[in-house]
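Enquirer: pasted the sequence and its predicted model underneath.
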Amino acid sequence: MTKCYLFIPMLLLSAALSAQTPTDLQFLSSGDVCAGVGIGYDAWSKYWEGDVRRENGNVGTVSRRQFSAGFMLGIVNRLNVHIRVPYITTHASQGTLNGQSGLQDLNLNLKGKFAEIRLGKGNLVLGGNLGFSTPLSKYLVDFAPLNLGFGTTNLSYRQMAAYQTDMGLYFGARANYTYRSNVPNIHRDFYYDQGNAYYLNEINVDDVFDWTLAAGYTDAHILAEIDFNAVNTLGGSDIRTWEPGFPSNDMDAATLTGRFDYYFSKSKGLNFSVTGGYTLSGRNAGQSVFGNVGINYLFSLWGKGGAVQ
Amino acid sequence: MNNSIKYAILIAAAGACLLMAISSCNKDITPDINYDAFEYGSIDEDAGTWKTVLLASPGQVAVPAPADPASPEYLAELAALKAASASPNADQMDKINKWSTNGFIRWNQVARELTAKYFIFSKPNEDGYYSLPSAAHPDQYPLFPLSTPPYAVRAYAYLSAGSFDALVAAWHYKFQYDRMAPSAYDASIATHLPVQPVPSYPSEDAVIAGFSRTLLTAMFPNEAAYLAQLATEHENTRLWAGMNVSSDLAAGDSLGRKIAGIFLARAKSDGMGATLGNPAVWDSITAAQTATGKPIWESLENPARPMLAPNFGYVKPWTVTTAEVQTTYRLPAPPAVGTAEFQDALDEVLHFSKDATRDEQHIALRWDDGTSTYTPPGHWNWIAEPFVHDARLSPLRAARVYAYLNMAMEDAGIAVWDNKYFYFFPRPTNINPDIKTIVPIPNFPSYPSGHSGFSAAGAAVLGHFFPADAAYFKAEAQEAALSRLYGCIHYRFDCDEGFTLGEQIAQKAVGLAVQDGGE
């Protein structure tokens, strides 16, 4: 069965981690294309300032709407390329800060299946994903919490393993390391960070490690999955008391996400996907509720199409 | 399995290429600013006759005569110095190169760093009210001081004006006692910085260290240990570099500290202690303004925060008088709310709220200089820095530039604040809540713009000292002023009037500079 799924929910770190989109071990066959659009929403009214959870009347509920377009192509059966472009709009329900909108980061992914090994009454699948993302516009980076992204160029590698039983149940584990470039320009000549004064507009930000445990069920028409994801920025500062966040903050979050896909056909045509989730705990991050609805269309450019991978 | 390896290798190879591409951008960032050591561009042996800011005369604070160069005490000091500077280790060389001939600038940077650290507003309490910092309990939350632009510009002014007086006094004694650099008496002393063509006693570096450490400790009391460590480090570099003997340093440090005491005595009585006000002050100002019946400024924070520094307009200025602030520098009234002229100005702000370009937004952020920064006056101290360094100004001459720069900016700020609280004019968002902003709305009345006043004053003073670059400074100041319109927190007339006010006030400082003997 071929599945395609292009849109993950917008995590609070989606700007940094948007390369993590293709997180599953489902592959398109050679010549198959999955194209789609998605609408996402993410909102929080409580956030962690360091490890202190608080609300802030000067922003109220901070929300992000995301419209994404993307497509995935099966280059060969075990190697897929994926491109996604998000357009994001931010909004604060209280206070006077001006919400932003614009194109965020171009996301490119190359996903490969390394091995599929018969094990008991199921298959053990190993694969990896290489992600790359870079800003598509000069959005305001130093404008937390209404910034569209962090302005960094990222390179990530995700190692994935899944055990798929013949019954349709599956279990997966993923680990992802994201190398982040410096923030190239925050449009000011000075900032104070971690006890030092910097006379430049470039910010060093730490890399990010995240891991996921997933469990789900899939058959010819549906896919249902639940994920636990832990994101850990490998260093950085805490948000100063009652101050806005800063790109170099040590942002962490643990989230629980549910996903449900419906496929009309196992090989081509439309499918729908809905995800939703909640941030269980975090650091220098919003406690967001997030959701996403996507509609995708699967077709063949060359090859037989629809081969089970 | 063959294919598996192929795909794994392919992904790895693509990753390696991307990684090389990205990592070619160096991630390392250090907060250090490197400056070359230089020989002072001028000797200024007559500086002891220059007009000082607070000192009645350059010799007001006595400095004892140094030991004779042929005396055993001095010879012992030379021997100790020779040992100290023979072979500095790597860390000592780093410190030597950091303080170098730029000690005055470094201490200005320290003031900016502390300003940024303490420019942070308190969170609301459970009851919706905000606590104010207390000078009596500086280490209790919210920490003292709250180094907003009024506090910061005053700290910069005291630091700079006081350094100027202290260095004029130092020059007075240097040429009175005329004790040369240690290496002039013992050529075998290793030196690691240029030997300056001015007498060595008292050490100008120790004057700066002793003065700055004492002054900034009073301004930022929680930082006493940090400042003491910096002062020791600064003075030690003079030994490691083979520049000054211990008695040069001790005399300089003592002179600096005593002159800091003179400036701190003024600071105690300049009215700053009352600037933040208290509930009775805030209530009476609001009641009086409400009674006018006109639309007035109200805090746009949630919960509402008490008005910032309502009494800063009464703080004692340097180059003008409080009476002049309230007459000569009282601006014409802004366009009344409801008039066509006002509406046009408001519509322009709304336009930038809805349709500012990315470039305009970037300008708004560039000059925001809000919390956790060195403030707009600090920005102008930074702008001045490369000019002062590139002109090879001695610390004496650098302090002179910074003294007038910061006195002018503080006075401009005082006059701006006087007008802000006299007119109590609403922010654009007070009148039209649809106006959303790129920079947080400062928690005080709108008219005129403080950024514009500070920047115009700063640019005018710098333009006087560096006339070839006057147009550059003015263009920067104009951009700073406009940034507040792009940021949607000011009307254009706020910026224009603030700019004019700043330029006018700066003429007072420039007039003093012209007559102080240092031109």
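Expert: That came through fine. Numbering: from 1, shown residues only, chains lettered A, B, ... in the order given.
Enquirer: tell me the domain boundaries of chain B?
Expert: B:56-268, B:277-514 (automatic domain parsing).
Enquirer: closest one to residue A:298 among those domains?
Expert: Closest of these to residue A:298 is domain B:277-514, at 37.2 Å (criterion: C-beta to C-beta). Every C-beta, even on glycine, is put in place using the N, C-alpha and C of the backbone.
Enquirer: quick one: that closest one to chain centroid distance?
Expert: Relative to the centre of its chain, domain B:277-514 is centred 15 Å away, using C-alpha atoms, centre = their mean, to the nearest Å.
Enquirer: residue boundaries of the helices in the stretch 1-150 of chain A?
Expert: Assigned by DSSP state H, counting those that start in this stretch, the stretch 1-150 of chain A shows helices spanning A:14-17.
Enquirer: which residues of it lie near chain B?
Expert: In this structure, the stretch 1-150 of chain A approaches chain B at residues A:54, A:57-58, A:60, A:78-79, A:94-99, A:110, A:112-115, A:128-130, A:132, A:137-140, A:142-143, judged by C-beta under 8 Å from any C-beta of the partner chain.
Enquirer: which of the residues you listed are buried?
Expert: Buried by 16 or more other C-beta atoms under 10 Å in any protein chain shown: A:58, A:78-79, A:95-98, A:110, A:112-115, A:128-130, A:132, A:139-140, A:142-143, out of those.
Enquirer: which of these fall within strands?
Expert: A:79, A:110, A:112-115, A:128-130, A:132 (DSSP state E).
Enquirer: of all those residues, which two lie farthest apart?
Expert: A:115 and A:132 (23.9 Å).
Enquirer: sorry, back to before: mean neighbour count, mean pLDDT and distance to chain A for the domains of chain B - can I get that in JSON lines?
Expert: What follows is these, written out as JSON lines (neighbours: other C-beta atoms under 10 Å in any protein chain shown; pLDDT from 0 to 100; distance: least, C-beta to the nearest C-beta, whole Å):
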{"stretch": "domain B:56-268", "mean neighbour count": "20", "mean pLDDT": "98", "distance to chain A": "4"}
{"stretch": "domain B:277-514", "mean neighbour count": "21", "mean pLDDT": "98", "distance to chain A": "3"}
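Enquirer: so which of those comes closest to residue A:275?
Expert: Evaluated over the domains of chain B, closeness to residue A:275 peaks at domain B:277-514, with 30.5 Å, by C-beta to C-beta.
Enquirer: ok, residue 140 - contacts?
Expert: Unless you meant another one, I'm taking chain A. For residue A:140, the contact set (C-beta atoms under 8 Å, 6 or more residues apart in numbering or on different chains) comprises A:100, A:146-148, A:187, B:358, B:361-362, B:365, B:438.
Enquirer: my question was about chain B, not that one.
Expert: Counting by C-beta under 8 Å, 6+ apart, residue B:140 has contacts residue B:134.
Enquirer: give me the secondary structure label for it.
Expert: coil (DSSP: H, G, I helix; E, B strand; the rest coil).
Enquirer: isn't residue B:117 up against residue A:194?
Expert: No: Residue B:117 is beyond contact range of residue A:194, at 10.9 Å (criterion: C-beta atoms under 8 Å).
Enquirer: first to last residue in stretch B:511-519, what's the distance?
Expert: End-to-end distance for stretch B:511-519, by C-alpha to C-alpha, to the nearest Å: 11 Å.
Enquirer: can you tell me the element the residue nearest to residue B:66 when sequence neighbours are not counted falls in?
Expert: Residue nearest to residue B:66 in three dimensions, not counting chain neighbours: residue B:201, with 4.5 Å by C-beta to C-beta, 6 or more residues apart in numbering or on different chains. For residue B:201, there is no helix or strand it lies in under DSSP states H and E.
Enquirer: thank you kindly, that will do.
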